[in-house]
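# coords please:
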Amino acid sequence: MNALLSKEFMTLRSSLIGLVALGSLFALAFGHGSPSATCVIGVVMMSSVVGSSFSYDELYRWNLFAVSSGIARRDIVRMKFALGTIVVAIGLCMGLAMLLVKTSIDGTAIDVGDLVGGMVLAASLGMAMCSVNCLVNYVFDSSKAQIVSIALMIVMISAIVSLATLDMTTNIPWIGGVLVLVAASAISATSYRISMSRFQRKDL
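Prediction:
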């Protein structure tokens, strides 16, 4: 697994460096000191790495080479989902760093409750996005995967953001964050199971 992840980061290092730099600028410029906005910008930017990974694999026929070399298909799928988890963590750290920079410049304090809620929302959204991206790429061929992925992302982001605002509409503390976390966990688990099943049967 470690070797597979090392391959991913070696292949994607240029993209990762560029996204960290660009995502940091976007989070700093458009986050407006909001924990939710800043963390979400960082995570969403980094989540695109998963799609790039599948594009590289398709271009160089990596899956065929890996399976022919004796690498288990389940390990390939696990590696993709592990990659998603890592880039979401990087996005969170990037958003948090830019939030600290922004508040230091403005001389404002960070509300701990807002920070925790923002990080939960960003992490949940990022994990759901990465999981769905993996699912779409394992279920559909490359010509359809991008279109289907964009459509699903729009629906999913709208649904998760709507759940996140339930705190204000119901006056129940943390209900939005809890529901977002539950929904993201369900999406990730379902995507993982379907991806594993489809890739085991996929003709390379």
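# Find the residue at the geometric middle of the chain.
G126 (3.2 Å; Cα atoms, centre = their mean).
# ok, that one to G23 distance?
Taking Cβ to Cβ, to the nearest Å as the measure, G126 and G23 are separated by 12 Å. Every residue, glycine included, has its C-beta placed from N, CA and C.
# Overlap of the contact sets of these two?
Common neighbours of G126 and G23, using Cβ atoms under 8 Å, 6 or more residues apart in numbering, are M46, G91.
# For E58, give me its contacts.
S142.
# Got phi/psi on it?
Backbone torsions for E58, taken as degrees, to the nearest 10, come to phi -70, psi -40.
# Now do the helix or strand where A29 lies, average pLDDT.
Remark: A29 resides in helix 2-30, with elements defined by DSSP states H and E. Taken as a whole, helix 2-30 has an average pLDDT of 79.
# Select the longest helix from this protein.
Criterion DSSP state H: the longest helix present in the chain is helix 73-106.
# now the next helix or strand along the chain from that helix and helix 73-106, what's the angle there?
Going down the chain from helix 73-106, the next helix or strand is helix 112-139, by DSSP H and E. Direction vectors for helix 112-139 and helix 73-106, defined by axes from the mean of the first three to the mean of the last three Cα atoms, to 10 degrees, enclose an angle of 150 degrees.
# Can you point out the buried residues in helix 112-139?
115, 117-139 (16 or more other Cβ atoms under 10 Å).
# Could you give the average pLDDT over that helix?
Here the average pLDDT along helix 112-139 is 87.
# now stretch 157-165
pLDDT averaged over stretch 157-165 gives 68.
# quick one, what contacts C93?
Contacts of C93 (Cβ under 8 Å, 6+ apart): G42.
# L99 versus that one, what's the distance?
Taking Cβ to Cβ, one finds C93 at 11 Å from L99.
# What of L64?
L64 is 43 Å from L99, by Cβ to Cβ.
# Over to the residue located most distally from the centre of the chain: give its phi and psi.
Distance from the C-alpha centroid of the chain peaks at G107, with 30.7 Å (Cα atoms, centre = their mean). Main-chain torsions, G107, degrees, to the nearest 10: phi 70, psi 30.
# show me the contacts for the closest residue to A122 other than its chain neighbours.
In space, and not counting its chain neighbours, A122 is closest to C39: 3.6 Å by Cβ to Cβ, 6 or more residues apart in numbering. C39 sits next to A27, G91, L92, G95, L96, L99, G118, M119, L121, A122, A123 when contact means Cβ under 8 Å, 6+ apart.
# any idea how far C39 lies from G118?
For C39, the distance to G118 - Cβ to Cβ - is 5 Å.
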